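Novice: show me how the following folds:
(2 chains)
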Amino acid sequence: MFNFFKNSPAKPATDTKERKLSTESYKGVRDFFPTDMAVEKHIFSIWRNISEKYGYEEYGASVLEPADLYRAKSGEELINEQTYTFTDRGDREVTLRPEMTPTLARMVAAKKRELIFPLRWYSIPNLFRYEQPQRGRVREHWQLNVDLFGVESITAEIEVINMAYDITRAYGLKDTDFEIRINNRKVMNYITKEVFGLDEESARKVSKLIDKKEKIPREKFEAGIREIFDGQKIAAKAPQFLTLLNSKNFEEFATNLPASASEHEGIAEIRRVIAGLEKLGITNARFDQTLMRGFDYYTGIVFEVFDLNPANRRSVFGGGRYDELLALFGNEKVPAVGFGAGDVVAQDLMETYGTLPQAPASADIALCVMGETNTPFALDLAQKLRDKGTRVVVDLSGKKLGDQIKNADRRHIPKVIVIGEEEVKTGKFKVKDLKSGEEVDMSV
RNA sequence: GUGGCUAUAGUUUAGUGGUAAAACUUCGGUUUGUGGAGCCGAUAUCGAGAGUUCGAUUCUCUCUAGCCACCCCA
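Specialist: As a prediction, this is how the structure comes out:
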């Protein structure tokens, strides 16, 4: 038994009062009944189809990872408070993976010398986070992860953003329903540290605050910025910084920049990504100086797909460039760009836009059997039909014919064949279409 | 982890300090070779545990879960 159970020994058997087990699933995780699973399969198939259309190969890994993998980049606090971490019987600290990128980086680093770059990989892992569940946030979710290794130029960004765009369209959104927000870590780093001279910690505080800009009152945001600038004894420069952040668009932002910064390579990269997407017919990408993304490991372009529908107004995809991550494993760095997309958001989106398809029927034909003695014939006929690729279900209920047909219809099975004495004797039967009511004669 | 709201048939909701009502669904029946309707019937230890009370589904506390916000953000 894992040691986190040590403090809660099993109830003694003398506790005779039998308590029924709860039918509820564990807090924050979901059961997938067949109707839910159909939705999940639909989402996964969108992810798979598009990933494979771009030549990405699927990979996978265990949900269990040594806790150290996340310590390296995320710090103790994340491990202790936001992950499922426990000690196994061999005293190893184990974590249920909260994200896939460290696992991926580990795998790529392990085989770096035998892999053929550029590497295009995708995966649909389930990820765990120990957090308070609420709408759109659960403790276990599935996430498409798409990563491209070995391409230094921003054509890598253009390719993966193009994929994110295709997937968003496949969810059923029109170009006007969403926008692709783009920023560059290099730009904000350069501005906060080089141009305004903030130290490391102040720069991070500023980033956090910018990340929240849309959520908090403007007054509070501006006061926060002033406070940080004041702490660095450059309060006088705060208005200039605020003007920059309040820029309406990219051109205004570029104009507001000090001359030295407007020539910065990060600015040029943003221009090239947006222009590159436009050449592909993607016109809803725009620069957003307030886009930060949570992960520390991003080093360049960061982006997210944002749903503009008032019902959601949230991030559908997020990703960016993380050129330094593989260096953690002692390798030289490998340029990398990737993004992730969650199943919960995908489902909410398709519900909002009404683009969830009807669940497919479980079979093409149902065989209704009149009398047990005729079952062997039905089973044999079913097998013959299956050999031809038809999905066939044989009704084994022994109920009345009317009930069997009703049952097939309720399952949306389009056709039925009735098997009774008559059919067994003659080898002839009728295929009935439940929608039109028409019957077609057939024989074995 | 913190705070607020919530918890009654499978579902959505009524309701009451004296063991609960409706709609829809599901299951069974409507007398045995053709479904979608109708009709009849069934299904709730009122989230779990404890307390107050003659008596609790109703009041109180604890726990659990859900929703919302904080936190965090894939």
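Novice: from now on I want contacts and neighbour counts done on CA atoms only, so please keep to that.
Specialist: Will do.
Novice: what residues does the lengthiest helix in chain A touch?
Specialist: The longest helix of chain A (DSSP state H) is helix A:34-53. Residues from elsewhere that reach helix A:34-53 (CA atoms under 8 Å, 6 or more residues apart in numbering): A:57, A:122, A:124, A:144, A:146, A:163, A:166-167, A:170-171, A:343, A:346-347, A:356, A:359-360.
Novice: what residues does the stretch 251-400 of chain A put near RNA strand B?
Specialist: Residues of the stretch 251-400 of chain A lying close to RNA strand B by CA under 7 Å from any atom of the strand are A:293, A:294, A:295, A:318, A:319, A:340, A:341, A:370, A:400.
Novice: make a PyMOL selection of the buried ones in those residues.
Specialist: Buried residues within these, by 16 or more other CA atoms under 10 Å, are selected in PyMOL with:
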select buried, chain A and resi 293+318+319+340+341+370
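Novice: check contacts around residue A:398.
Specialist: Contacts of residue A:398 (CA under 8 Å, 6+ apart): A:369, A:370, A:371, A:372.
Novice: can you redo those residues as a markdown table with secondary structure?
Specialist: Output for the contacts of residue A:398, formatted as a markdown table (DSSP: H, G, I helix; E, B strand; the rest coil):
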| residue | secondary structure |
| --- | --- |
| A:369 | strand |
| A:370 | coil |
| A:371 | coil |
| A:372 | helix |
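Novice: narrow these to just the buried residues.
Specialist: Buried among those by 16+ other CA under 10 Å: A:369, A:370.
Novice: which of the contacts of residue A:398 lies closest to RNA strand B?
Specialist: residue A:370 (6.9 Å; CA to the nearest atom of the strand).
Novice: how about the contacts made by that closest one?
Specialist: Residue A:370 makes contacts with A:398, A:400, A:401, A:418, A:419, A:420, A:421, as judged by CA under 8 Å, 6+ apart.
Novice: where does the nearest residue to residue A:157 once chain neighbours are set aside fall, phi/psi-wise?
Specialist: In this structure, residue A:157 finds its nearest non-sequential neighbour in residue A:337, 6.5 Å apart by CA to CA, 6 or more residues apart in numbering. Backbone torsions of residue A:337, given as degrees, to the nearest 10, read phi -130, psi 140.
Novice: and residue A:337, how many neighbours?
Specialist: 30 (other CA atoms under 10 Å).
Novice: I'd say it and residue A:321 touch.
Specialist: Yes - contact criterion CA atoms under 8 Å: residue A:337 and residue A:321 qualify, at 4.2 Å.
Novice: find the residues that touch each one of these two.
Specialist: Joint contacts of residue A:337 and residue A:321 (CA under 8 Å, 6+ apart) are residue A:157.
Novice: what about residue A:70, distance to RNA strand B?
Specialist: Applying CA to the nearest atom of the strand, to the nearest Å, the value for residue A:70 to RNA strand B is 12 Å.
Novice: I'd say that residue and residue A:100 touch.
Specialist: No - contact status for residue A:70 versus residue A:100: not in contact, 10.5 Å apart, counting by CA under 8 Å.
Novice: enumerate the residues of the stretch 1-150 of chain A near RNA strand B.
Specialist: A:19, A:24, A:26-29, A:98-99, A:127-129, A:131-141.
Novice: report the beta-bridge partner residues of the most centrally placed residue in chain A.
Specialist: Residue closest to the average C-alpha location in chain A (CA atoms, centre = their mean): residue A:342, at 2.2 Å. Beta-bridge pairing for residue A:342 (DSSP bridges): residue A:143.
Novice: surely it meets residue A:143?
Specialist: Yes - look at residue A:342 against residue A:143 with CA under 8 Å: they come within range, at 4.3 Å.
Novice: so where's the stretch 301-444 of chain A shaky on pLDDT?
Specialist: A:312 (pLDDT under 70).
Novice: in it, which spans are helices?
Specialist: For the stretch 301-444 of chain A, helices defined by DSSP state H, counting those that start in this stretch occupy the ranges A:343-352, A:375-387, A:401-410, A:421-426.
Novice: is the shortest one anywhere near RNA strand B?
Specialist: Yes - counting by CA under 7 Å from any atom of the strand, RNA strand B is contacted by helix A:421-426 at A:421, A:422, A:423.
Novice: what's the PyMOL syntax to select whichever of those are buried?
Specialist: A single PyMOL command selects the buried members of these (16+ other CA under 10 Å):
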select buried, chain A and resi 423
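Novice: which ones are touching residue A:316?
Specialist: A:304, A:305, A:306, A:307, A:341, A:342, A:345, A:346.
Novice: how about a cut-off of 10 Å?
Specialist: A:164, A:168, A:178, A:180, A:304-307, A:340-346, A:349 (CA atoms under 10 Å, 6 or more residues apart in numbering).
Novice: returning to that earlier point: report the buried residues of the longest helix of chain A.
Specialist: Quick answer for helix A:34-53 (16+ other CA under 10 Å): A:38, A:39, A:40, A:42, A:43, A:44, A:47, A:48, A:50, A:51.
Novice: try stretch A:90-101
Specialist: A:94, A:95, A:96, A:97, A:98, A:99, A:100, A:101.
Novice: ok, now stretch A:212-230?
Specialist: For stretch A:212-230, by 16+ other CA under 10 Å, it's A:213, A:221, A:222, A:224, A:225, A:226, A:228, A:229.
Novice: surely the fifth one and residue A:205 touch.
Specialist: When you say that, I think you mean residue A:225. Yes - look at residue A:225 against residue A:205 with CA atoms under 10 Å: they come within range, at 8.9 Å.
Novice: sorry, back to before: pick the most deeply packed of the helices of the stretch 301-444 of chain A.
Specialist: For the helices of the stretch 301-444 of chain A, the largest average neighbour count (mean count of other CA atoms under 10 Å) is found in helix A:343-352, namely a mean of 19.
Novice: tell me what it is packed against?
Specialist: helix A:34-53, strand A:140-149, helix A:155-170, strand A:315-321 (3 or more CA pairs under 10 Å, 6 or more residues apart in numbering; DSSP states H and E).
Novice: worst mean pLDDT among these?
Specialist: Set side by side, those give their lowest mean pLDDT on strand A:315-321, at a mean of 90.
Novice: export that one as CSV, just CAs?
Specialist: Backbone C-alpha positions of strand A:315-321 (Å, rounded to 0.1, in the frame of the first residue of the first chain) are rendered in CSV as follows:
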residue,chain,number,x,y,z
SER,A,315,-8.3,30.3,-24.3
VAL,A,316,-8.9,27.3,-26.5
PHE,A,317,-5.3,26.5,-27.3
GLY,A,318,-2.0,27.8,-26.0
GLY,A,319,1.5,27.3,-27.0
GLY,A,320,4.9,28.7,-27.9
ARG,A,321,8.5,28.2,-28.5
